[in-house]
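**Student:** Got a predicted model here, sequence first, then my questions.
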Amino acid sequence: MSASKPVFILVCGGWHSPACYDKLKDQLEARGYEYYCPHLASMGPAASGVTYEADVEVVRGIALPLIDQGKEIVLIAHSAGGVPAVVASQGLEISQRAVDGKQGGFKHIIFIAAVIIPVRGSDTLQTLGGQWQPGQGGVEPYTKNNLMTIQRGAEKALYSDLPEAESEKYYDLFEPHSQDAFETPVNYIAADVTIPKTFIVTEKDAVFPPFAQKALASSVPGMKIESMETSHSPFASQPEHLADIIVRVSAGDGQ
């Protein structure tokens with residue numbers, strides 16, 4: 001194992017722009033870590049029809065030059081970002097690259113209240129119950145090329161442990177999200193991942209029930225589970241504590 005610090009790449013959750021994670025970014029960079037949080041292809045006013053597969057290419061576009069330098073990368077996946085993070089890791093694990101005589105690669109995936117696809121061929125919406133919640137902007141039956149715009153007020157549930165005035169500021173950082181990204185089948189899932197995996201359960205989550213998070217995480221062999229007493233967004237309400245957990249598990253504690 002490399003003695004140097006890993007690089008962190010954070011994969012955004014649904015509707016969340018990279019700026020939503022700036023408090024965590026500041027915490028990790030203050031500790032001397034290299035950090036990236038790319039803007040996903042499936043988000044933004046021009047993202048209609050874009051699937052998670054384009055997000056995978058965005059993540060790999062950041063990761064591959066770093067891996068070619070021999071760097072070891074920890075993926076941090078929030079919410080719906082769990083899908084592209086998992087798929088992006090395929091074939092680029094440190095162990096697989098070592099077989100090919102190469103250094104660097106993905107060393108760990110940390111899931112923060114993230115979507116874990118339990119069955120190959122399923123998708124994000126099916127995993128979360130098969131029905132969009134009011135205010136999410138989804139159209140059913142499935143309509144291709146729909147752009148989902150989350151309604152104002154949703155931030156109060158996503159950031160329920162922040163003062164209301166602060167949570168409202170996050171709404172201004174949200175972006176439209178392609179519905180296709182959530183309803184395209186996924187064939188490489190967390191159970192296929194061979195590198196260490198940690199799931200952080202958000203115990204006061206008003207959006208993604210903790211019992212459902214635990215059920216999905218426990219279904220994956222080898223998944224280590226941590227907990228935080230936060231809403232769906234610990235990077236906003238407890239960024240220092242979240243950074244502590246990320247750094248600890250990335251170093252291999254408890255693995």
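**Tutor:** Perfect, I can see it now.
**Student:** those helices in the stretch 51-200 of the chain, which residues are they?
**Tutor:** Using DSSP state H, counting those that start in this stretch, the helices assigned to the stretch 51-200 of the chain run over residues 52-68, 82-89, 94-99, 124-127, 154-158, 164-171.
**Student:** okay if I get these as a markdown table plus distance to Met228 and mean neighbour count?
**Tutor:** C-beta here means a position set from N, CA and C on the backbone, and glycine is covered the same way. As requested, these are arranged in a markdown table below (distance: least, CB to CB, whole Å; neighbours: other CB atoms under 10 Å):
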| stretch | distance to Met228 | mean neighbour count |
| --- | --- | --- |
| helix 52-68 | 24 | 18 |
| helix 82-89 | 16 | 28 |
| helix 94-99 | 27 | 14 |
| helix 124-127 | 21 | 19 |
| helix 154-158 | 15 | 21 |
| helix 164-171 | 17 | 15 |
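**Student:** of all the ones you listed, which lies closest to Glu34?
**Tutor:** Within these, the stretch nearest Glu34 is helix 52-68; the backing value is 8.0 Å (CB to CB).
**Student:** Make TSV out of the helices of the stretch 51-200 of the chain and add mean pLDDT and distance to Tyr188.
**Tutor:** Rendered in TSV, the data for the helices of the stretch 51-200 of the chain read as follows (pLDDT from 0 to 100; distance: least, CB to CB, whole Å):
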stretch	mean pLDDT	distance to Tyr188
helix 52-68	98	9
helix 82-89	99	5
helix 94-99	94	13
helix 124-127	95	14
helix 154-158	95	27
helix 164-171	96	31
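**Student:** residues in contact with the nearest residue to Asp180 once chain neighbours are set aside?
**Tutor:** Taking CB to CB, 6 or more residues apart in numbering, and ignoring the residues beside it in sequence, Asp180 has Thr51 as its nearest neighbour in space, at 4.9 Å. With contact taken as CB atoms under 8 Å, 6 or more residues apart in numbering, Thr51 is in contact with 42, 178, 180-181, 184.
**Student:** between the residues you listed, which has the most around it?
**Tutor:** The member of the contacts of Thr51 that has the most neighbours, counting by other CB atoms under 10 Å, is Ser42 with 30 neighbours.
**Student:** Distance of the nearest residue to Val119 once chain neighbours are set aside relative to Lys156?
**Tutor:** Closest residue in space to Val119, ignoring its immediate chain neighbours: Ile189 at 7.5 Å, by CB to CB, 6+ apart. Distance of Ile189 to Lys156, given as CB to CB, to the nearest Å: 32 Å.
**Student:** Might you report the residue contacts of the closest residue to Ala157 other than its chain neighbours?
**Tutor:** Take Ala157 and drop its neighbours on the chain: the residue closest to it by CB to CB, 6+ apart is Ala206, 4.4 Å away. With contact set as CB under 8 Å, 6+ apart, Ala206 has these partners: 157-158, 160, 231-232.
**Student:** same deal with Gly105?
**Tutor:** With contacts defined as CB under 8 Å, 6+ apart, the neighbours of Gly105 are 67, 72-73, 92-98.
**Student:** Quickly list what it is bridged to.
**Tutor:** Residues in a beta bridge with Gly105, per DSSP bridges, are Glu72.
**Student:** quick one: it from Gly82, how far?
**Tutor:** Using CB to CB, we find Gly105 at a distance of 19 Å from Gly82.
**Student:** got the residue ranges for the strands in the stretch 151-255 of the chain?
**Tutor:** Secondary structure of the stretch 151-255 of the chain, counting by DSSP state E, counting those that start in this stretch: strands at 177-178, 197-202, 223-228.
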